[in-house]
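In: can you look at this prediction? I've put the sequence above it.
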Protein chains: 2
Amino acid sequence: MSSHPLCDVIAAADRAISAEDFDGLMDFYADDAALVVAPSLVATGKAQILKAFIGISQHFGHCLTVSQRQMEVVEGGDTALVLAETVLDTEGAEGQAVSILRRATYVFRKTPEGDWLCAIDNSYGTGLLGR
Amino acid sequence: MSSHPLCDVIAAADRAISAEDFDGLMDFYADDAALVVAPSLVATGKAQILKAFIGISQHFGHCLTVSQRQMEVVEGGDTALVLAETVLDTEGAEGQAVSILRRATYVFRKTPEGDWLCAIDNSYGTGLLGR
């Protein structure tokens, strides 16, 4: 895994999702960020993103742990493109462990203070282009 | 193809590459942009990016046409993530037509004047994560 500071930021955001601390999670997003909830469904702004995460949590039966495996960061123009193997661990209908692997694309923007905020959260990566 | 204004911007940049107008091409990039020339090789800033394009042009024997097929744009936080099927048309060693298809990820940043500048040009998409 790359040692870019964003690795720690993303790990902290993953912990907030897994703990269902969605208010805390919003600190990682820019005010006008976009979250791809599903292909063709984009939540824009913190209010919509918060609502989307509550829905996602319900969808996964309040049993979702998010983590990243391999991660690559390309930084340019006060922005960073993060390419990541994202793992969603949850439980199936019969309580069995289910692991979903995605190749995600995240865009972060650096604030004038040097903090990174997520501007675009697209866990579907280039999968949005279809098969 | 999405009708986002960035589709026209990217089409114009593709025409500049195909015409080997690399000075004109630089107008599409932020001053501190990053270009993924090859996995593990990133050019940063216009001087390095210009040099990289001259090298890419030589690599393809001054016979390279770039175009995009399907394109999806996700906009948030004054940035845009573009997911695109990029087609590189060139000639093989024996003059035969060769077409290379990539699933690319481009990050654009909106200037205060409302123009879009490319901050990160990664034609390898999530392919940077390896197979």
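Out: Right, received. Where do you want to start?

In: quick one: residue A:41 from chain B, how far?
Out: According to Cβ to the nearest Cβ, to the nearest Å, residue A:41 stands 11 Å off from chain B. (Glycine included, C-beta is placed from N, CA and C.)

In: what about that residue, neighbour count?
Out: Residues lying near residue A:41 (other Cβ atoms under 10 Å in any protein chain shown) number 9.

In: quick one: the helices in chain A?
Out: Using DSSP state H, the helices of chain A run over A:5-18, A:22-25, A:46-59.

In: want to throw those into JSON lines with mean neighbour count and mean pLDDT?
Out: Listed next are the helices of chain A as JSON lines, based on neighbours: other Cβ atoms under 10 Å in any protein chain shown; pLDDT from 0 to 100:
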{"stretch": "helix A:5-18", "mean neighbour count": "17", "mean pLDDT": "96"}
{"stretch": "helix A:22-25", "mean neighbour count": "16", "mean pLDDT": "98"}
{"stretch": "helix A:46-59", "mean neighbour count": "16", "mean pLDDT": "97"}
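
In: for the residue with the largest distance to the centre of chain A, phi and psi?
Out: Within chain A, the residue lying farthest from the chain centre (Cα atoms, centre = their mean) is residue A:94, at 26.6 Å. Dihedral pair for residue A:94: phi -100, psi 20, per degrees, to the nearest 10.

In: where in chain A is pLDDT low?
Out: Along chain A, the model assigns pLDDT under 70 to residues A:1-2, A:131.

In: specify the beta-bridge partners of residue A:86.
Out: residue A:68, residue A:102 (DSSP bridges).

In: check the gap between it and chain B for me.
Out: Distance, residue A:86 to chain B, using Cβ to the nearest Cβ: 11 Å.

In: for that residue, grab the count of nearby residues.
Out: Neighbourhood size, residue A:86 [other Cβ under 10 Å]: 21.

In: isn't it right up against residue A:68?
Out: Yes. Using Cβ atoms under 8 Å, residue A:86 is in contact with residue A:68, at 5.6 Å.

In: joint contacts of these two?
Out: Common neighbours of residue A:86 and residue A:68, using Cβ atoms under 8 Å, 6 or more residues apart in numbering or on different chains, are residue A:104.

In: got a list of what residue A:9 touches?
Out: Residues in contact with residue A:9, defined by Cβ under 8 Å, 6+ apart, are A:28, A:108, A:116.

In: who in chain A is up against chain B?
Out: A:30-36, A:42, A:44, A:70, A:72, A:74-81, A:83-85, A:103-105, A:107, A:109, A:117-120, A:122, A:125-126, A:128-130 (Cβ under 8 Å from any Cβ of the partner chain).

In: the same query, at a cut-off of 7 Å, please.
Out: Residues of chain A lying close to chain B by Cβ under 7 Å from any Cβ of the partner chain are A:30, A:32-34, A:36, A:42, A:44, A:70, A:72, A:74-77, A:79, A:81, A:83, A:85, A:103, A:105, A:107, A:109, A:117, A:119-120, A:122, A:125-126, A:128-129.

In: where's residue A:116 relative to chain B, distance?
Out: Taking Cβ to the nearest Cβ, one finds residue A:116 at 11 Å from chain B.

In: could you give the bridge partners of that residue?
Out: Bridge pairing for residue A:116 (DSSP bridges) gives the partners residue A:110.
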